[in-house]
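the following comprises the amino acid sequence and a computationally predicted model.
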Amino acid sequence: MTTATADVLITGVTVLSAFGRGMGALGAGLDAGVPAFAPVARFDVTGRRVGVAATMPGEPDLPAELAALVAEACDEAKLSTAERADAPLFLAVHGDPRLARAPLARRPDHGGTAFATTLAAGAGLGAARAYTSACVAASTAIADAAGLIARGEATRVVVAGGYLVEADQFALFDAGRAFAADGQVRPFSAHRRGLLLGDGAGAVVLESAAAARDRAVVPLARLAGWGRAGDAHHPCQPHPEGRGMARAITGALRRAGIAPDEVGYVNAHGSGTPQSDVAETAALRTALGEHAAAVPLSSTKALHGQALEASGVLELAVTLHALREGRPPVNAGFLEPDPQCRLNLVLDGARPAAPGYALTLNAAFGGANTALLLGAVA
């Protein structure tokens, strides 16, 4: 049975990435199509197999950056003090950056829930909830928020997520040989070598159409559908047929009540790893049928890197830019076709288009998959 979700709107959004702060900086970076990867200067990478990432200059502070982003998104949505106090915060983070080095007795004060509660209080928001499910943390939070609003259990929810490249996670990925040794992410391309990390953080305000109408706020887009599914195939590798991702995509389309051929752009998970890209291609073929070979598709992780827990909100902003500006971004790093990844990749710069719907996909270790479907507004 189709579940109506057209009443879930995006009324505020802002991000930061290696391209800079704000949607303008992100859009300019996407349109230029030049990857932001460079040698890491934030911490010592001597002795590491790979020493590059997509990072902002200096040593930005994650709690401070998230506080600023949440305030900016709420300001764009024109939320009053009372409206903010009534809105819960769903926060996607790996945890407080100070957790690993906190004394044992103080570690509960630096966990994800404590981090979210502190951020919510500082922003004047209501109850807080933390999401720590790796690369689907933010997209899962967005889906949960949309579900609450669609069911009438919340008027609005603020969702934020953040990850800034730091030494501990960098070392783990490098030791696991997950990084691309050639310093470039090459989604769906032959000779792809792996992923690279990138700074990312963002905040989005979701609310019901009735609430936005009552406040005379012009929405940025509709969150027309969402889907989540797991394949439980392997701790680190997706099911080779992409079964979980296919179910997530199908769920998002079903909620929106649209056919596969109405999707005008796909922002793919596209991690640039051999197994993941093949599985995602299979998932798209299962969920979209023949349209999978025609719909313009790109993975912008080749430009801004993999932002872990922040991926869902950063790539939602990427997809929103493509939807509103009509310029699906380039799938950078491409070398030559992979016969197992035959898709309509955007390879010639930001391609003019006018998608009515755009899909953004995320996947994580453990077989978790999410699909968020954005719809244009008049």
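Looks like it came in fine.

is the residue in the chain sticking out farthest from the centre in a helix, a strand, or coil?
Within the chain, the residue lying farthest from the chain centre (Cα atoms, centre = their mean) is residue 105, at 33.5 Å. Here residue 105 is recorded as helix under DSSP: H, G, I helix; E, B strand; the rest coil.

so how far is residue 168 from it?
21 Å (Cβ to Cβ, to the nearest Å). In this view, the C-beta of every residue, glycine as well, is placed from N, C-alpha and C.

do residue 310 as well
Applying Cβ to Cβ, the value for residue 310 to residue 168 is 16 Å.

ok, these two, which is more surrounded?
residue 310 (30 against 12; other Cβ atoms under 10 Å).

and that one, what's its pLDDT?
Predicted confidence (pLDDT) for residue 310: 97.

off-centre distance for the host helix or strand of residue 311?
Assessed by DSSP states H and E, residue 311 sits inside helix 311-325. Offset of helix 311-325 from its chain centre (Cα atoms, centre = their mean, to the nearest Å): 8 Å.

could you list the buried residues of that helix?
311-324 (16 or more other Cβ atoms under 10 Å).

closest to residue 270 out of those residues?
Closest approach to residue 270 among the buried residues of helix 311-325 (Cβ to Cβ): residue 315, at 9.8 Å.

so what's that closest one up against?
139, 267, 300, 360, 362 (Cβ atoms under 8 Å, 6 or more residues apart in numbering).

and the two most separated of the residues you listed?
Spatial extent of the contacts of residue 315 (Cβ to Cβ) is set by the pair 139 and 300 at 14.4 Å.

gap between stretch 38-48 and the chain center?
For stretch 38-48, the distance to the chain centre is 25 Å (Cα atoms, centre = their mean).

and the residue farthest from the centre of the chain, how far from residue 217?
Distance from residue 105 to residue 217, by Cβ to Cβ: 45 Å.

go on, residue 262?
Look at residue 262 and residue 217: by Cβ to Cβ, they are 26 Å apart.

what's the answer for residue 209, then?
10 Å.

how about residues contacting the helix or strand harbouring residue 28?
Under the criterion of DSSP H and E, residue 28 resides in helix 23-32. Residues outside helix 23-32 that contact it (Cβ under 8 Å, 6+ apart): 13-20, 36, 300, 303-304, 317-318, 320-322, 325, 327, 329-330, 350.

can you show me the strands along the stretch 51-200 of the chain?
52-53, 89-93, 128-131, 156-163, 200-208 (DSSP state E, counting those that start in this stretch).

hey, C-alpha coordinates of the longest one in CSV?
Output of strand 200-208 as CSV, limited to C-alpha atoms (Å, rounded to 0.1, in the frame of the first residue of the first chain):
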residue,chain,number,x,y,z
GLY,A,200,31.5,17.0,6.2
ALA,A,201,28.8,18.4,8.5
GLY,A,202,25.3,19.8,7.9
ALA,A,203,21.9,20.5,9.4
VAL,A,204,18.4,20.2,7.8
VAL,A,205,15.0,21.3,9.1
LEU,A,206,12.1,19.0,8.1
GLU,A,207,8.5,19.9,8.8
SER,A,208,5.0,19.2,7.8
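
what comes up buried for stretch 293-309?
So stretch 293-309, judged by 16+ other Cβ under 10 Å, has buried residues 295-309.

going by distance to residue 135, which of those wins?
Using Cβ to Cβ, those come closest to residue 135 at residue 308, 5.9 Å.

hmm, residue 134 and that closest one touching each other?
Yes: using Cβ atoms under 8 Å, residue 308 is in contact with residue 134, at 6.3 Å.

the closest residue to residue 60 other than its chain neighbours: neighbouring residues, count only.
Closest residue to residue 60 apart from its sequence neighbours, by Cβ to Cβ, 6 or more residues apart in numbering: residue 164 at 5.8 Å. Other residues lying near residue 164 total 25 when counted by other Cβ under 10 Å.

show me what contacts residue 164?
Contacts for residue 164 (Cβ under 8 Å, 6+ apart) come out as 55-56, 60, 62, 65, 97, 199, 201.

now do the contacts for residue 128.
Residues in contact with residue 128 (Cβ under 8 Å, 6+ apart) are 88-91, 113, 116-117, 119-120.

will you turn those into JSON lines that also has pLDDT?
Below are the contacts of residue 128 laid out as JSON lines (pLDDT from 0 to 100):
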{"residue": "88", "pLDDT": "98"}
{"residue": "89", "pLDDT": "98"}
{"residue": "90", "pLDDT": "98"}
{"residue": "91", "pLDDT": "98"}
{"residue": "113", "pLDDT": "90"}
{"residue": "116", "pLDDT": "95"}
{"residue": "117", "pLDDT": "95"}
{"residue": "119", "pLDDT": "96"}
{"residue": "120", "pLDDT": "97"}
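
those, buried ones only, as a ChimeraX selection?
Only the buried members of those end up in this ChimeraX selection, burial being decided by 16+ other Cβ under 10 Å:
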select :88,89,90,91,116,117,119,120
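
distance to residue 341 added to the contacts of residue 128, as JSON lines?
Below are the contacts of residue 128 laid out as JSON lines (distance: Cβ to Cβ, whole Å):
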{"residue": "88", "distance to residue 341": "39"}
{"residue": "89", "distance to residue 341": "38"}
{"residue": "90", "distance to residue 341": "33"}
{"residue": "91", "distance to residue 341": "34"}
{"residue": "113", "distance to residue 341": "39"}
{"residue": "116", "distance to residue 341": "37"}
{"residue": "117", "distance to residue 341": "43"}
{"residue": "119", "distance to residue 341": "39"}
{"residue": "120", "distance to residue 341": "41"}
